[in-house]
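# sequence? don't have it. structure:
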């Protein structure tokens, strides 16, 4: 079993839709949770990060962490074609090592 | 604008060749990382370095070595390239946590990637 599971998609939505991206994990020691966005033929860029449980909002993006269920989510409101990318969840216990999900490909159709 | 720069976007090498992938960052970061990215497997850590001349193995170090002679430069070396090393290679950098200032320690900055094909 992988430490972090993420549905690879692809996920296709119309412009303006609310997008929900999710990851589950098995290691209860994870404390730091991140979401990266990766455009085609580019490196990942850090989008959101959260420490422990709770919600964090940044513009159209909201990250949620539910440690009791070992489940994290990224919501994108009013999705735009420019949001089309691969979204990677990532998490760490606090040391150097980050564990990444395999990524979900998102397509937002105009 | 902060940058992590990888020396090549695309490389094609022959089996058995020694391959060097270079990464340079201009943010004075202590930590640097090499990952490979494969479909369905996500990013897997090959090696990381937390200081000049220091290195630590990641999850998949076999067949690879690294060099960090200067703070800004971290090189990945494929000693004898094989076809199963065909992949996207990503370099990243970060600085240690400065939690009292609300700063974050993570691989916040990635290079654009090097797509290596071994034939």
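Received the coordinates, thanks. Just so it is clear, the structure is predicted and the values come from calculations on it, not from any experiment.
# residues near residue 20, how many?
You didn't say which chain, so I picked chain A. Counted with other CB atoms under 10 Å in any protein chain shown, the neighbours of residue A:20 add up to 13. For glycine as for every other residue, the C-beta is placed from the backbone atoms N, C-alpha and C.
# look at chain B instead
Here the neighbour count serves as a burial measure; for residue B:20 (other CB under 10 Å) it reads 12.
# who does it form a beta bridge with?
On the basis of DSSP bridges, residue B:20 takes part in beta bridges with residue B:77.
# Provide a list of residues in contact with it.
B:75, B:76, B:77 (CB atoms under 8 Å, 6 or more residues apart in numbering or on different chains).
# try residue A:93
Here residue A:93 is in contact with A:27, A:29, A:30, A:31, A:32 (criterion: CB under 8 Å, 6+ apart).
# out of those residues, which is most surrounded?
Neighbour counts for the contacts of residue A:93 (other CB under 10 Å) peak at residue A:30, which has 22 neighbours.
# would you quantify the distance from the closest residue in space to that residue that isn't next to it in sequence to residue A:13?
Nearest residue to residue A:30 in three dimensions, chain neighbours excluded: residue A:91, at 4.2 Å (CB to CB, 6 or more residues apart in numbering or on different chains). From residue A:91 across to residue A:13, the span is 25 Å (CB to CB, to the nearest Å).
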